[in-house]
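Asks: predicted structure and sequence below. I'll ask about it afterward.
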Amino acid sequence: MKKSVIVLLAVTMMICLSACGGASSQKLVMATNAAFPPYESVDGSEIIGIDPEIAKLIADDLGRELVIEDMAFDSIIAAVQSGKADIAMAGLTVTEDRKQNINFSDPYTEAAQVIVVKKDSTVTCPDDLEGKTIGVQIGTTGDIYAGDIADAVIERYSKYFEAINALNQDKIDAVIVDREPAKVFVNDSDELKMIDEEFTLEEYAIGVAKENTELLDQINASLKKLQDSGKIDEIINKYIKAE
Ligand code: ARG
């Protein structure tokens with residue numbers, strides 16, 4: 001009698017563990033392009049940076065398991081729209097155009113587009129880019145702004161590193177890129193500088209599929225908690241040192 005009760009209990013527990021375990025480890029798939037330090041970059045077999053750290057806290061808060069999918073930047077929004085990923089987190093700027101395709105969470109940080117040039121460049125402000133050859137990452141806001149510059153030739157790369165390499169080799173005159181990645185790229189090189197005058201101010205937010213309003217609400221609630229507790233600032237300050 002006793003024995004069969006124990007067996008029954010054990011079996012019940014096993015069933016419960018697998019069923020409950022399955023439900024509680026529902027995945028939260030994040031689409032990103034991990035070539036954008038300090039927001040996301042590859043470190044060995046890991047993807048590190050501000051975005052994965054914030055995403056991990058949100059996933060923990062929602063009781064879901066964070067899974068990061070590294071892909072081309074210009075595939076990220078489609079991945080969220082098709083349901084291949086649950087969220088887009090990639091230093092992703094909120095724009096009116098993108099809002100046609102996905103919803104954005106409340107912004108979690110401010111950003112800017114800046115210009116990176118060789119130290120000996122004659123370019124000193126955005127207006128000087130007229131007629132120049134400009135490198136951008138495909139599908140970024142930098143790509144869009146470059147398109148507005150009179151007579152500019154735009155070279156589109158799949159990664160910013162490739163644009164920066166082309167600049168180092170004098171194949172292009174300038175790169176338009178987000179400010180914090182720009183600082184990382186300039187710090188890694190003796191030959192590059194960042195132009196102080198900002199091209200545009202932007203905000204980064206988390207992208208969610210239009211129909212997934214429940215997740216959007218959950219993310220906004222999570223973000224609010226993390227902001228109020230100072231966790232978001234803590235993560236940002238860990239990667240971005242105050243000047
Ligand atoms: N903020 C810019 C944009 O949204 C560039 C983002 C690039 N992000 C990346 N992970 N490569 O268009």
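Replies: On my side now, so go ahead. Model, not experiment: these values are computed from the prediction. Numbering: from 1, shown residues only.
Asks: can we go C-alpha only for contacts and neighbour counts from here?
Replies: OK.
Asks: the ligand contacts on this protein?
Replies: 32-36, 73, 90-93, 140-141, 178 (CA under 6 Å from any ligand atom).
Asks: of these, which is the most crowded?
Replies: Thr32 (31 neighbours; other CA atoms under 10 Å).
Asks: OK, contacts around it?
Replies: 40, 68-73, 76, 88-90 (CA atoms under 8 Å, 6 or more residues apart in numbering).
Asks: and the nearest residue to Thr124 once chain neighbours are set aside, what does it touch?
Replies: Excluding the flanking residues, the one nearest Thr124 by CA to CA, 6 or more residues apart in numbering is Ile195, at 6.4 Å. When contacts are counted by CA under 8 Å, 6+ apart, Ile195 is found next to 114-117, 124-125.
Asks: is Ile195 in a bridge, and if so with what?
Replies: Counting by DSSP bridges, Ile195 forms beta bridges with Ile115.
Asks: now do it, the pLDDT please.
Replies: For Ile195, the model assigns a pLDDT of 96.
Asks: name the residues of stretch 142-158 that are buried.
Replies: 142-143, 146, 149, 153-158 (16 or more other CA atoms under 10 Å).
Asks: likewise stretch 69-83?
Replies: Buried-residue list, stretch 69-83, by 16+ other CA under 10 Å: 69-70, 72-73, 76-81.
Asks: equivalent analysis for stretch 225-243, please.
Replies: 226, 231-233, 236, 240.
Asks: can you pull out the low-pLDDT segments for the chain?
Replies: Along the chain, the parts satisfying pLDDT under 70 run over 1-24, 243.
Asks: where do the strands sit along it?
Replies: 27-32, 35-36, 40-43, 46-48, 65-70, 87-88, 102-104, 109-118, 133-137, 153-157, 174-178, 192-204, 207-209 (DSSP state E).
Asks: mean neighbour count, those: which tops it?
Replies: strand 87-88 (a mean of 30; mean count of other CA atoms under 10 Å).
Asks: closest residue of this protein to the ligand?
Replies: Thr140 (3.1 Å; CA to the nearest ligand atom).
Asks: next, the contact list for that residue, please.
Replies: 73-74.
Asks: what does Asp128 give?
Replies: So Asp128 contacts Thr122 (CA under 8 Å, 6+ apart).
Asks: report the central residue of the chain.
Replies: Ala90 (1.3 Å; CA atoms, centre = their mean).
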